[in-house]
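Enquirer: with the sequence up front, the predicted model follows.
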Amino acid sequence: MSEWFNELADTFTRCFIEDGRWKWLVEGLRNTMIITVFALMIGIILGLVIAAIRATYDLNGAEMKRKGGASYFFLKLANTICGIFLTVIRGTPVVVQLMIMYFIIMVNVTNGVLVAVIAFGINSGAYVAEIFRSGIMSIDEGQFEAGRSLGFNYLQTMIYIIIPQAVKVVLPTLFNELIVLVKETSVAGYVGVMDLTKAGDKIRGRTFEAFLPLFMVAAIYLIIVIILTKILSIIEKRLRKGERRGG
């Protein structure tokens, strides 16, 4: 038993203490969180815009078509573009999108973290768009009538009445997208970004030890997911309390 413990301690020292290799994990964790946070911000903004366009077409497209005019043409065109975007992004692997962004679209950009943020942000936007669209479509149509009775136009009704209610509905699902996004960033190393997974792989390559570096990376991801899941649980409980009070 003591020999096994001493061997484990020696392996730990070789993997994380010698040459300050633990700093690679810190750098990788920092880059992973930067990519996740900013990609989610891009995803939320992009997703809201796409969701608003598609929901508007679903809700008002038929009426606007009967009236005719340029507004319907532009709405249909925007909805078609959004539909193609969602099909392409959701139908192709995120690692392929990342490499296309790095090696083709942003080939002159040397900041791999920035490229990863944009690539993951666009990918996340496609999924967030459908999350928000389902939330908007779940809101009772009477809320639109309430907005009109208050003198709001359609855009004001969406901004001040519909979207805030939709966000409350989809918040748990949106948090799950954040958890998925954290794990998806593990492929950022394909374009040379020192993310958490890449840091563990770099330690493995220098020490020829696979178990501890990869186990440590998996443990850190697990801790992040557990923390986010706990936060989600707290938010869901508060939302349920708020609904009961409102009822």
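Expert: Received it, and whenever you're ready, just let me know what you need.
Enquirer: so residue 29 touches residue 198, yeah?
Expert: No: no contact is recorded between residue 29 and residue 198 when judged using Cβ atoms under 8 Å, the distance being 11.2 Å. No exception for glycine: its C-beta is placed from N, CA and C like everyone else's.
Enquirer: residue contacts, residue 138?
Expert: With contact taken as Cβ atoms under 8 Å, 6 or more residues apart in numbering, residue 138 is in contact with 166, 169.
Enquirer: rerun that using 6 Å as the cut-off
Expert: Listed by Cβ atoms under 6 Å, 6 or more residues apart in numbering, the contact partners of residue 138 are residue 169.
Enquirer: which one of residue 29 and residue 198 is surrounded by more residues?
Expert: residue 198 (23 against 17; other Cβ atoms under 10 Å).
Enquirer: roughly how far apart are the more buried one and residue 119?
Expert: 15 Å (Cβ to Cβ, to the nearest Å).
Enquirer: and residue 209, what element?
Expert: No secondary structure element spans residue 209, as it lies outside all helices and strands (assigned by DSSP states H and E).
Enquirer: which strands and helices lie in contact with the longest helix anywhere in the chain?
Expert: Determined from DSSP state H, the single longest helix within the chain is helix 22-67. Other helices and strands packing on helix 22-67, by 3 or more Cβ pairs under 6 Å, 6 or more residues apart in numbering; DSSP states H and E, are helix 70-90, helix 112-138, helix 163-184, helix 196-207.
Enquirer: identify the spatial nearest neighbour of residue 202, chain neighbours not counted.
Expert: Among residues not flanking residue 202 along the chain, residue 24 sits closest, at 5.7 Å (Cβ to Cβ, 6 or more residues apart in numbering).
Enquirer: mean confidence score for stretch 6-13?
Expert: Taken as a whole, stretch 6-13 has a mean pLDDT of 83.
Enquirer: in it, which residues are buried?
Expert: Residues of stretch 6-13 classed as buried: none (neighbour count, 16 or more other Cβ atoms under 10 Å).
Enquirer: also stretch 148-155?
Expert: Counting neighbours by 16+ other Cβ under 10 Å, stretch 148-155 gives residue 152 as buried.
Enquirer: do stretch 184-201 as well
Expert: With burial defined by 16+ other Cβ under 10 Å, the residues of stretch 184-201 counted as buried are 184-191, 193-201.
Enquirer: dump that stretch to CSV, keeping only the CA atoms.
Expert: Taking Å, rounded to 0.1, in the frame of the first residue of the first chain, the C-alpha atoms of stretch 184-201 are listed here in CSV:
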residue,chain,number,x,y,z
GLU,A,184,-18.0,21.4,-26.1
THR,A,185,-15.1,23.7,-25.7
SER,A,186,-12.9,20.7,-25.0
VAL,A,187,-12.2,20.5,-28.8
ALA,A,188,-10.7,24.0,-28.9
GLY,A,189,-7.3,22.4,-28.8
TYR,A,190,-7.8,21.4,-32.5
VAL,A,191,-6.8,24.9,-33.4
GLY,A,192,-4.0,25.3,-30.9
VAL,A,193,-5.9,26.9,-28.1
MET,A,194,-4.6,26.0,-24.6
ASP,A,195,-8.0,24.9,-23.2
LEU,A,196,-8.4,22.6,-20.2
THR,A,197,-8.3,19.4,-22.3
LYS,A,198,-5.3,20.6,-24.3
ALA,A,199,-3.5,21.4,-21.0
GLY,A,200,-4.0,17.8,-19.8
ASP,A,201,-2.9,16.4,-23.1
